[in-house]
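A.B. asks: Predicted coordinates and the sequence they were generated for:
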Amino acid sequence: MKRIRINEFFKDFDKLRKGKVTKAQFKSILSTLNINLTEEEYASLINKYQTDDDMVNYTAFCDSIDSIFTIKGLEKMPTTRVKPIEANDTELARKKYLEFDEYERQMMIEICEAYKQQIIVKRLNLKPLF
C-alpha cells in the first residue's frame, strides 16, 4: 500500500541470500518500515511463512505482497500492463487505521469542528478567534 520495496530491507539481514531471516529479524524489519502489527498479526505471519528450520521465508512473504500490486518478472515483459490499484485493493489495510476508540473519536470530532470554523472564518473574511 505504501509502495515500499520491502525485499531490499530483508536482504540486508540475509547475508547468505537464502531467502530466510529469524523471527526476531522479521518483526524488527517490519517495525523499521513502520508496518505496525499486533502480536497476534506477527504470530500469524510468522506461522504462515515459517520454514522447517524455524526461520521466516521472507521471499515468499514479499512475493505475496508484490503479487497484489504487480506481476512477478514484469521487467522481462515490457508490453504487459499492470492493473491499476483501486480503493478496494487496500481497503482491509486501511480499515485498521479508521477504527477509533471513544477518546480518538471525540478528538476527531473536535479537530473537524475547529477545521470547519477556520473555513467559515476564511469564507467570511473574519479575524480568527484563536
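C.D. replies: Thanks, I have it. Owing to the predicted nature of the structure, the values given are computational and were not obtained by experimental measurement. Residues are numbered from 1 along each chain as shown.

A.B. asks: Look at L129 and report its pLDDT.
C.D. replies: We have a pLDDT of 57 for L129.

A.B. asks: count of residues packed around I71?
C.D. replies: With neighbours defined by other C-beta atoms under 10 Å, the count for I71 comes to 13. Just so you know, the C-beta spots here come from the backbone N, C-alpha and C atoms, and that holds for glycine as well.

A.B. asks: Just give me the longest helix of the chain.
C.D. replies: Looking across the chain with DSSP state H, the single longest helix is helix 102-124.

A.B. asks: can you confirm P78 is in a helix?
C.D. replies: No: under DSSP: H, G, I helix; E, B strand; the rest coil, P78 sits outside any helix and is assigned coil.

A.B. asks: Quick check: the gap between it and I71.
C.D. replies: Remark: distance between P78 and I71 (C-beta to C-beta, to the nearest Å) = 12 Å.

A.B. asks: Check Y115 too.
C.D. replies: Using C-beta to C-beta, one gets 41 Å for the distance from Y115 to I71.

A.B. asks: what does D14 give?
C.D. replies: Counting by C-beta to C-beta, the gap from D14 to I71 is 24 Å.

A.B. asks: okay, and for this structure, where does confidence drop off?
C.D. replies: Judged against pLDDT under 70, the low-scoring parts of the chain cover residues 1-4, 69, 74, 82-98, 126-130.

A.B. asks: what are the ranges of the helices in it?
C.D. replies: Secondary structure of the chain (DSSP H): helices located at 6-13, 23-32, 39-49, 58-69, 91-98, 102-124.
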